[in-house]
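Asks: here you go, sequence then predicted model.
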Amino acid sequence: MSEVTVKAVELFSLVSELLEQGQSARISVTGTSMYPFLRHSLDSVEFSSGNFAQIARGDIVLSRRLSGAYVMHRVWRKEKEAYYIVGDAQQWIEGPLEPQQLVAVVEAIWRKDRRIACSKCWWRCCARIWLLLRPYRYFIMKCYRKMRKIIRVR
């Protein structure tokens, strides 16, 4: 089997077209900026068309930066004419982003052929708690990695 590499710009422009036609799109997660909620090459996300009026704090959105690069992060804050995003593995907040920069909203996470709707109460609760823990994420993840290392050694 041969491997095909597609640039994000090309892939997400195709995703945008599908969403404009009323379809959904599902792609594999790449990168670690959304860890621990989304895992590189293990999880995939299901997108639906993005509507600025309907997004809220804690939603995972696909946005297009002014540079043309695409980024999938969580909504940190939404204002009347802008929104701010942050990766789950990051501490810095990006924004303001304008409503037209919103490409899509993540409707569900796919993990081992199991669909997890992002609208589920427990998922939204975990996301909100993780947003509140933003200043402490570095230390939480550092402790988590140390604990995993200790468990593996035993």
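Replies: Now that the structure is in, tell me what you want to look at. All values derive from a computational prediction rather than experimental measurement.

Asks: can you list the buried residues in the top helix by length along the chain?
Replies: Using DSSP state H to define each element, the chain has its longest helix at helix 137-153. Residues of helix 137-153 classed as buried: residue 137 (neighbour count, 16 or more other C-beta atoms under 10 Å). Every residue, glycine included, has its C-beta placed from N, CA and C.

Asks: just checking, what packs against the lowest-mean-pLDDT helix or strand in the chain?
Replies: Within the chain, no helix or strand scores below helix 8-20, which has a mean of 76 by mean pLDDT, DSSP states H and E. Helix 8-20 makes packing contacts with strand 25-28, strand 43-49, strand 60-64, strand 70-78, strand 102-111 when contacts are defined by 3 or more C-beta pairs under 8 Å, 6 or more residues apart in numbering; DSSP states H and E.

Asks: could you redo the last one with a cut-off of 7 Å?
Replies: strand 25-28, strand 43-49, strand 102-111 (3 or more C-beta pairs under 7 Å, 6 or more residues apart in numbering; DSSP states H and E).

Asks: next, the angle from it to strand 70-78.
Replies: Helix 8-20 runs at 60 degrees relative to strand 70-78, counting by axes from the mean of the first three to the mean of the last three C-alpha atoms, to 10 degrees.

Asks: what sits up against helix 8-20?
Replies: 25, 27, 47, 48, 49, 62, 68, 70, 103, 104 (C-beta atoms under 7 Å, 6 or more residues apart in numbering).

Asks: ok, which pair from the residues you listed is furthest apart?
Replies: Pairwise distances across the contacts of helix 8-20 peak at 22.4 Å for 48 and 68 (criterion: C-beta to C-beta).

Asks: which of these two has more neighbours?
Replies: residue 48 (15 against 8; other C-beta atoms under 10 Å).

Asks: low-confidence ranges, the chain, go.
Replies: 1-9, 154 (pLDDT under 70).

Asks: same for whatever helix or strand residue 84 lives in, what does it pack against?
Replies: Assigned by DSSP states H and E, residue 84 belongs to strand 83-86. If contacts are counted by 3+ C-beta pairs under 7 Å, 6+ apart, strand 83-86 sits against strand 70-78, strand 94-97.
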